[in-house]
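1. coordinates only, sequence not included:
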């Protein structure tokens, strides 16, 4: 049988067991292997989402290495997951033994809680789980729910004891080989280290993804030992046990090896990350999204894009970002958990936990921090940073400003180089600016402060008090020019010389005032007074000069 990606099934398994106990030493990381991420989810997260799509009655995650971190993450992804601890006995078989014991106990508890169904009185609670049990590794991030559903459907339709997923590789080194009998059914699985030369020549490999009948799995696990090259309890030995008792063991072959490829080191992680991103972008392009440069565009699995969205080079969309129809994102833009309205343009911007209304314009070089809400047709321009700011419809913050902890009304314009001064060293305070207001350039709004509807503020003002609606807020006195200041205070500098030359060459230049002329005269007199005057020639000086001319040492005159 050959797997077809995306096939659905109405069959629900009794349980799914996800194996996530491995250390992953080849990752060479302090982060557990299962928690490394690609396309916005951890390795384990991808597998849990695929497993939950089968709607199993129970879902178990087997943990051991960095137990608490992996368990906490698993429950954060799937709160209903049952966390199972593997003991010190190594091997996938032992992991499934621990999981099945926990799930059987859970099934017993549920049976006792809900009572015996009508018509089954006297039967008791049985051995535990009944029906199909899916077992999968936790490090196969491209495994999708459709492939699992097809594997499950084939298992049920054929009445198999075991159904496994396999694929074929040109180089199968390191993988368990699938040994078939003359009819094509699976006879056994042999690990690479235990395989003969003929068995190592087999290209079909075990993907470590199975569907077991619960009773077959329970019996097979009871027969497992550790008599192998690695001294581990192999889950693959259950396949041979199922065959030995006459069960049907069949394999579904995945034509696409990447679907079942696991991650053992960071090279494989990068390879699968690129492949998953390629598939995500291809799906969006087929849905009507323009991706100008797929090689530099990255989109997480939970991102939602409408038709006629354009993604320019260097765009990264992470988390739960949503982009509405007709918007253009990029180039060189990173958005995380951000909502972008229809027809918006976001250019060279970094944003997270922000909401941008329809028709908005953001960037270039804007920084949208969490809590930014920009109303429809609004603008956040060049070198603008916003945080926890509600900006009304049609309002603009065009350039070189910081707006934090603020509420701005509709159709208001914030002048260049404005700052909401929101922090007093202990607490954050809020600035409120009304609708249809016009604030001047280089304004400081010292919060808490409010500017009313239709108010203006003058350029260079520090607004410390509320400005009423329709008022003009001004701080600082009227400008005055101190004439001649440079020549008086910076004499001898290039600026002073240039100023003097300009006045001398301009016949229309206004003369300096009396005070300025007096100060310049005083400055000149002081400079002259400080200049040392050489002493007049005297007998001692003449005697010294005479001695020097004669080439003999000078002596003090008698």
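-> Here it is on my side, so go on. Bear in mind that the values here come from a model prediction, so they are computed numbers and not experimental data. Numbers count the residues shown, from 1 in each chain.

2. tally of neighbours for the residue lying closest to residue 174 once chain neighbours are set aside?
-> Distances taken as CB to CB, 6 or more residues apart in numbering place residue 192 nearest to residue 174, at 5.3 Å, with adjacent residues excluded. Quick note: C-beta positions are derived from backbone N, CA and C, even for glycine. When neighbours are defined as other CB atoms under 10 Å, residue 192 has 15 of them.

3. Kindly report the same for the one 4 residues further on.
-> Look at residue 196: counted by other CB under 10 Å, it has 9 neighbours.

4. who's in contact with the closest residue to it other than its chain neighbours?
-> Of all residues not flanking residue 196 in the chain, residue 190 sits nearest, at 7.9 Å (CB to CB, 6+ apart). Listed by CB atoms under 8 Å, 6 or more residues apart in numbering, the contact set of residue 190 reads 176-177, 179, 196, 199, 236.

5. ok, residue 190 to residue 265 distance?
-> Using CB to CB, to the nearest Å, we find residue 190 at a distance of 24 Å from residue 265.

6. Of the contacts of residue 190, just say which sits nearest to residue 481.
-> The nearest member of the contacts of residue 190 to residue 481, counting by CB to CB, is residue 176 at 88.6 Å.

7. I'd say the closest one and residue 205 touch.
-> Yes. Using CB atoms under 8 Å, residue 176 is in contact with residue 205, at 6.3 Å.

8. out of these two, which sits in the busier spot?
-> Taking other CB under 10 Å, residue 176 and residue 205 do not tie; residue 176 has more neighbours (25 against 21).

9. quick one, what contacts that one?
-> Residue 176 neighbours (CB under 8 Å, 6+ apart): 189-192, 205-206, 208, 236.

10. Out of those, the closest to residue 489 would be?
-> Closest to residue 489, out of all of the contacts of residue 176 and judged by CB to CB, is residue 208, at 82.8 Å.

11. ok so, going back, hmm, residue 200 and the residue nearest to residue 174 touching each other?
-> Yes. Using CB under 8 Å, residue 192 makes contact with residue 200 at a distance of 6.8 Å.

12. shared neighbours of these two, anything?
-> Going by CB under 8 Å, 6+ apart, residues that sit against residue 192 and also against residue 200 are 172, 177.

13. quick one: residue 324 and residue 338 touch, right?
-> No. Contact between residue 324 and residue 338 fails when scored by CB under 8 Å: they sit 11.6 Å apart.

14. Which one of these two is surrounded by more residues?
-> When residue 324 and residue 338 are compared on other CB under 10 Å, the one with more neighbours turns out to be residue 338, at 27 against 20.

15. For that one, give me its contacts.
-> 321-322, 351-356, 368.

16. next one: residue 327
-> 306, 309-310, 340-346.

17. closest to residue 273 among those?
-> residue 309 (22.3 Å).

18. Would you mind giving both backbone torsions of the closest one?
-> Per-residue torsions, residue 309: phi -80, psi 140 (degrees, to the nearest 10).

19. Repeat that for residue 242.
-> Per degrees, to the nearest 10, the backbone of residue 242 is at phi -60, psi -40.

20. what's the answer for residue 185, then?
-> Torsion angles, degrees, to the nearest 10, at residue 185: phi -70, psi 160.

21. got it, and the one 3 residues further on?
-> In this entry, residue 188 is assigned phi and psi values of phi -170, psi 170 (degrees, to the nearest 10).

22. I'd like the contacts of residue 190 written out as TSV, with pLDDT added.
-> What follows is the contacts of residue 190, written out as TSV (pLDDT from 0 to 100):
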residue	pLDDT
176	90
177	93
179	93
196	93
199	91
236	87
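
23. Restricted to helices, list those.
-> residue 199 (DSSP state H).

24. Show me how far stretch 406-414 is from its chain's centre.
-> 30 Å (CA atoms, centre = their mean, to the nearest Å).

25. before we move on, what about stretch 366-386?
-> The answer for stretch 366-386 is 19 Å, by CA atoms, centre = their mean.

26. just stretch 16-33 next, same as before
-> The answer for stretch 16-33 is 21 Å, by CA atoms, centre = their mean.

27. buried set for it?
-> 16-22, 24, 27, 32-33 (16 or more other CB atoms under 10 Å).

28. now the helices for the protein?
-> So, for the chain - with DSSP H - the helices run 43-52, 67-77, 92-114, 145-158, 197-200, 214-221, 237-244, 266-286, 485-489, 494-505, 514-529, 539-550.

29. Now tabulate the contacts of residue 176 in a markdown table and tack on distance to residue 395.
-> Listed next are the contacts of residue 176 as a markdown table, based on distance: CB to CB, whole Å:
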| residue | distance to residue 395 |
| --- | --- |
| 189 | 65 |
| 190 | 69 |
| 191 | 66 |
| 192 | 65 |
| 205 | 60 |
| 206 | 61 |
| 208 | 56 |
| 236 | 65 |
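
30. out of those residues, who's nearest residue 90?
-> For these, the closest approach to residue 90 (CB to CB) belongs to residue 191, at 13.2 Å.

31. so that closest one touches residue 234, yeah?
-> Yes. If you go by CB under 8 Å, residue 191 and residue 234 touch, sitting 6.8 Å apart.

32. remind me which residues of the stretch 151-300 of the chain are low pLDDT?
-> The stretch 151-300 of the chain contains residues with pLDDT under 70 at 229.

33. repeat that for 90
-> 174-175, 182-184, 188, 191, 193-194, 223-234, 236-237, 240 (pLDDT under 90).

34. still on that earlier bit, in ChimeraX, select just the buried ones from the contacts of residue 338.
-> Buried members of the contacts of residue 338, defined by 16+ other CB under 10 Å, are picked up in ChimeraX with:
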select :321,322,351,352,353,354,355,356,368
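
35. how about a markdown table for the contacts of residue 338, with distance to residue 248 and pLDDT added?
-> Listed next are those as a markdown table, based on distance: CB to CB, whole Å; pLDDT from 0 to 100:
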| residue | distance to residue 248 | pLDDT |
| --- | --- | --- |
| 321 | 47 | 98 |
| 322 | 47 | 98 |
| 351 | 55 | 98 |
| 352 | 53 | 98 |
| 353 | 53 | 98 |
| 354 | 56 | 98 |
| 355 | 55 | 98 |
| 356 | 57 | 98 |
| 368 | 58 | 98 |
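
36. With respect to residue 455, which of the contacts of residue 190 is nearest?
-> residue 176 (75.1 Å).
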